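Peer 1: Structure of the sequence below:
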Amino acid sequence: MIGNYDTIIFDLGAVLIDWHPDHLFRKLLPDDKERESFLRDICTPDWNEEQDGGRSLSEGTELLVRQFPEKEALIRAYYGRWDEMLNGPIQGTVDIMREIRDSGEYKIYALTNWSAETFPIALERYDFLGWFHGRVVSGEEKTRKPFMGMYTTLIDRYSIDPHRSVYIDDNARNLKPAGELGMATVHFKDPEGLRKEMTRLGIL
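Peer 2: Purely as a prediction, here's the structure:
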């Protein structure tokens, strides 16, 4: 099916945008072990995903403050200084997306786990987020990847043929539902690898 695609779907965080809590917490917790422990055991990825799935930032924050009052300042910094977790675009991927857009041969979409309250910050900061023909943001839909509803919402809303689509994500967990729907999937590790895969698929 090489060369038989008309739709490219991008995840955003760690694919197009260098987002990571470390970018903020390296300033607040310079000790590696202390920082790793805080992000593993208190402000965990699972906790953050609940906000991505629609729970309000204030509710998520207050929940942890009640559980870990001695860490209140650090917990409140997670969303209070959230913009400092954005470390800029992953330029190599942005360049690939620009080439795909400029070819005029493909529709491009975003499918992202992202809080509805913080996504506007990224929208304002990164012009390339305006290149998409459409997007599905988990916090706006009150669900998230890897739940199938995220993928079917994108497909139904934009009349996408999954068998003619390529989905790119850095999290292998999130690729499985896309593959089950018939999409070609690319496990993103770096822009160089993505370029090779997109060339292999006949897109670049």
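Peer 1: buried ones in stretch 148-165?
Peer 2: Going by neighbour count (16 or more other CB atoms under 10 Å), the buried part of stretch 148-165 is 150, 151, 153, 154, 155, 160, 162, 164, 165. No exception for glycine: its C-beta is placed from N, CA and C like everyone else's.
Peer 1: How about the contacts made by the second one?
Peer 2: Residue 151 makes contact with 111, 145, 177, 178, 181 under the criterion CB atoms under 8 Å, 6 or more residues apart in numbering.
Peer 1: Distance from the helix or strand hosting the first one to the middle of the chain?
Peer 2: Right, the one you point to is residue 111. If you go by DSSP states H and E, residue 111 is part of strand 107-112. Put simply, strand 107-112 sits 10 Å off its chain's centre (CA atoms, centre = their mean, to the nearest Å).
Peer 1: Same question for stretch 185-202.
Peer 2: Taking CA atoms, centre = their mean, one finds the center of stretch 185-202 at 17 Å from the center of the full chain.
Peer 1: what about that stretch, average pLDDT?
Peer 2: Averaged across stretch 185-202, the pLDDT comes to 97.
Peer 1: Kindly report the same for stretch 4-20.
Peer 2: Throughout stretch 4-20, pLDDT has a mean value of 97.
Peer 1: Would you mind pointing out the helix or strand residue 196 falls in?
Peer 2: Taking DSSP H and E as the criterion, residue 196 maps to helix 191-200.
Peer 1: which other helices and strands contact that helix?
Peer 2: On a contact count with 3 or more CB pairs under 8 Å, 6 or more residues apart in numbering; DSSP states H and E, helix 191-200 meets helix 91-103, strand 184-187.
Peer 1: these two touch, right, residue 51 and residue 63?
Peer 2: No. If you go by CB atoms under 8 Å, residue 51 and residue 63 don't touch, sitting 10.3 Å apart.
Peer 1: Show me which of the two is the more surrounded one.
Peer 2: residue 51 (26 against 14; other CB atoms under 10 Å).
Peer 1: Report the contact partners of residue 177.
Peer 2: 145, 146, 147, 148, 150, 151.
Peer 1: tell me which of the residues you listed is nearest to residue 193?
Peer 2: Closest approach to residue 193 among the contacts of residue 177 (CB to CB): residue 145, at 20.7 Å.
Peer 1: In contact with the closest residue to that closest one other than its chain neighbours: list those residues for me.
Peer 2: The spatial neighbour of residue 145 that comes closest, neighbours along the chain excluded (CB to CB, 6 or more residues apart in numbering), is residue 174 at 4.3 Å. Residues in contact with residue 174 (CB under 8 Å, 6+ apart) are 11, 113, 145, 146.
Peer 1: repeat that with 7 Å
Peer 2: 11, 145, 146 (CB atoms under 7 Å, 6 or more residues apart in numbering).
Peer 1: Secondary structure for these - can I get that in a markdown table?
Peer 2: Shown next, in a markdown table, are these (DSSP: H, G, I helix; E, B strand; the rest coil):
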| residue | secondary structure |
| --- | --- |
| 11 | coil |
| 145 | coil |
| 146 | coil |
